[in-house]
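Visitor: give the three-dimensional model of this entry:
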Amino acid sequence: MDRSKIDQIIDHFELLKKRLFDDAATLSHEEYATISKEMSRRQKAYDLATSYADALDRITEATEIIEIESDTDMLELAREQLSTAKSERDDLEEKLTIELLPRDPNDGKDAYLEIRPAAGGDESALFAAELLRMYLMYAQTLGRKTEIIDQQDNDIGGLKFVVVKIAGDDVYSRMKFESGVHRVQRIPETESQWRVHTSTVTVAIMPEAEDVDVQIDDKDIQMDTFAASSAGGQNANKNQTGVRLHHVPTGIIVTIADSKSQLQNKEKAHQVLRAKIYQEELAKVQAQEQALRGDQIGSGDRSEKIRTYNFPQDRITDHRIKQSWSNIPGVLAGAVAPITEALLIDEQTRLMQSIDGSKS
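Guide: Here you go, the predicted structure:
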């Protein structure tokens, strides 16, 4: 990697740091927040670049010693230093190349997780509930914050649907590959003939949309309220706390009844609606990318899938990268990282190949 590129990364980060600390008194709140966010995004590249520059300096120093030194011991020591520095440089160059790949502009955002049973009746609803627990535990292992925006269960412990907000560093970048149809193959507890059933669940991961991302005209929204059912007794059904928003231009409908406050439900419904509209706009712009909700979810039919959980064989297969893992109980307990990391590596590999292809 060219030294000037390394110096450019270092200089730009140090300029941001100087602005943030030396000019803090003159910066507006928005400017301070913007610079802080950019520094956070560039921190890893800066750390790698400074280590890379140090390795290059040690290579130069060791090379110069070898060229002029005649002492055998000094020459052996310099050659060892040169070999070590070159190995570090090569390792850092690979990591820095990956870090500098073009990023999805939504990668750093919080995300909304939506899970709905598709084909398979009660078994699909039960597996949807298991996927919810899996993602909640996965988020916990990452130190991310989760908030259930709305959830409806059926009478056997399964899910009718759920919407969860997941907040923290780079949530969308870690979760976006989960969008799509998840297929489960197993023997249901209610199956008397011990036959394996196939069911599907749809998962959508939507980046949180900011006001600057999506502009929604209030006149395009129809809002209805309804009595939200809950475990709060008879009076729970008398208050019109549930909110249903219908965005007429897109036909998107969001229903939230999780909170006892109509105002809170309305606010949550607007957040989810904004995220869904933003996701739909992304799908139009990047319809060819499977990471987007519209392409991956499809109709929820058994033949449309991104991943299969085969319980009899204790095998999870991600069909996009044709890779399999065992230990379904562990994965459903939140150990999803090996799968998401494999998908991230696949994305990075494809990006690097496309860049190399464009240069040739």
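Visitor: domain parsing for the protein?
Guide: 3-99, 111-348 (automatic domain parsing).
Visitor: helix or strand: which one has residue 201?
Guide: strand 197-207 (DSSP states H and E).
Visitor: list the contacts of the helix or strand just after that strand.
Guide: Downstream of strand 197-207, the first helix or strand assigned by DSSP H and E is strand 221-226. Identification of contacts with strand 221-226 by CB atoms under 8 Å, 6 or more residues apart in numbering yields 240-248, 257, 262, 266, 273. C-beta here means a position set from N, CA and C on the backbone, and glycine is covered the same way.
Visitor: chain neighbours aside, what residue packs nearest to residue 148?
Guide: Spatial nearest neighbour of residue 148, excluding adjacent residues (CB to CB, 6 or more residues apart in numbering): residue 164 at 5.3 Å.
Visitor: what separation do you get for the one you found and residue 283?
Guide: 21 Å (CB to CB, to the nearest Å).
Visitor: the two: which is more packed in?
Guide: residue 164 (19 against 16; other CB atoms under 10 Å).
Visitor: name the SS class of the more buried one, please.
Guide: Per DSSP: H, G, I helix; E, B strand; the rest coil, the local secondary structure of residue 164 is strand.
Visitor: hey, what's it bridged with?
Guide: Taking DSSP bridges as the rule, residue 164 bridges to residue 113, residue 148.
Visitor: low-confidence regions, this structure specifically.
Guide: 190, 192, 211-213, 229-238, 285-304, 355-360 (pLDDT under 70).
Visitor: run the last query once more with 80
Guide: Scanning the chain for pLDDT under 80 picks out 23-25, 101-104, 189-193, 210-215, 228-240, 258-259, 282-304, 352-360.
Visitor: follow-up on the earlier one: single out the most deeply packed of the domains of the chain.
Guide: domain 111-348 (a mean of 17; mean count of other CB atoms under 10 Å).
Visitor: now the end-to-end length of it.
Guide: Separation of the first and last residues of domain 111-348 by CA to CA, to the nearest Å is 21 Å.
Visitor: pull the distance from that domain to the chain's centre.
Guide: For domain 111-348, the gap between its own C-alpha mean and the chain's C-alpha mean amounts to 13 Å (CA atoms, centre = their mean, to the nearest Å).
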